[in-house]
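Student: sequence first, then the predicted structure, then my questions.
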Amino acid sequence: MTFKNLTLLCGALVASGVFTQVQAAEPESTLGFNAAVTTDYRFRGISQSRLDPAISGGVDYAHKSGLYVGAWASSIKWINDAGGSADAEIDLYAGYKGSAGDIGYDLGVLTYQYPGHKLATSPNTTELYGALTFGPVTAKYSHAVTNTFGWAKSKNSGYLDISASFDLGNGLVASAAAIGSDAKKIAYVTPSGKGTGRDGLVVGLTYSL
């Protein structure tokens, strides 16, 4: 092999390596979709689905900088049980995700909306949240900046949620969460009289694209 041919070969190999790196580069942004079914839908420990299963789905846009926005909706029953008219909750959120070593963190703002609720006091709620994740376990603290569900003097209430999730492959994720609340049963009950804030285990299955 001549020196000229060797130089051309080296140049081709370098170019090939650069091309491979470009192909594997992180995308500027991603768009994801998800759908899920759970044995119960809880918020701050209170069932939103009358202790019954719920279905949900959402869409997320994330930039490689860590910034993200998204929307999510779930079936609910509590608005109807309270005398209103709304079969769904729609959430809009934005935040920033990053990591420090093996610890992931997530900071953001979230608003829960109940279109056409027809309740005398608006149940719409906005909160700030912060979460830390290590392996499959996540600890999340949420802080309401409005009255929660429209309850008087519930602004600035907080809730700590500890959960774990496990990737089953093929876009499926199984989750399990121990849920509890110190809410008084008289204030949170189903039409049949069951306390919607009672302790329980909520499991679910989520499919993501």
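Tutor: All right, it came through fine.
Student: got a list of what residue 50 touches?
Tutor: Residues near residue 50 by Cβ atoms under 8 Å, 6 or more residues apart in numbering: 77-78, 81, 190-191, 196. Placement of C-beta: from N, CA and C, glycine included.
Student: roughly how far apart are it and residue 139?
Tutor: 28 Å (Cβ to Cβ, to the nearest Å).
Student: rewinding a little: for the contacts of residue 50, which one is nearest residue 163?
Tutor: Taking Cβ to Cβ as the measure, residue 163 lies nearest residue 196 of the contacts of residue 50, at 18.9 Å.
Student: please name the residues that touch that closest one.
Tutor: If you count contacts by Cβ under 8 Å, 6+ apart, residue 196 has them with 46-47, 50-51, 78, 188-190.
Student: got a PyMOL select line for the buried ones in those?
Tutor: Entered in PyMOL, the line below selects the buried ones among these, by 16 or more other Cβ atoms under 10 Å:
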select buried, resi 46+47+50+51+78+188+189+190
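Student: pLDDT, distance to residue 155 and secondary structure added to the contacts of residue 196, as CSV?
Tutor: Converted to CSV, the contacts of residue 196 look like this (pLDDT from 0 to 100; distance: Cβ to Cβ, whole Å; DSSP: H, G, I helix; E, B strand; the rest coil):
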residue, pLDDT, distance to residue 155, secondary structure
46, 86, 16, strand
47, 92, 22, strand
50, 94, 26, coil
51, 93, 27, coil
78, 93, 20, helix
188, 84, 18, coil
189, 88, 23, strand
190, 88, 26, coil
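Student: now the spatially most central residue of the chain: which helix or strand?
Tutor: The centre of the chain sits closest to residue 72, judged by Cα atoms, centre = their mean, with a distance of 8.1 Å. Using DSSP states H and E, the element containing residue 72 is strand 67-75.
Student: for that strand, what is the average pLDDT?
Tutor: Regarding strand 67-75, the rounded mean pLDDT is 98.
Student: and it, which strands flank it?
Tutor: strand 54-63 (antiparallel), strand 88-100 (antiparallel) (DSSP bridges).
Student: and these: which comes nearest residue 32?
Tutor: In terms of Cβ to Cβ, the element of the strands paired with strand 67-75 nearest to residue 32 is strand 54-63, at 4.7 Å.
Student: about what we covered before: can you tell me which of the contacts of residue 50 is closest to residue 65?
Tutor: residue 78 (36.9 Å).
Student: the closest one is in contact with residue 52, isn't it?
Tutor: No: using Cβ atoms under 8 Å, residue 78 is not in contact with residue 52; the gap is 10.9 Å.
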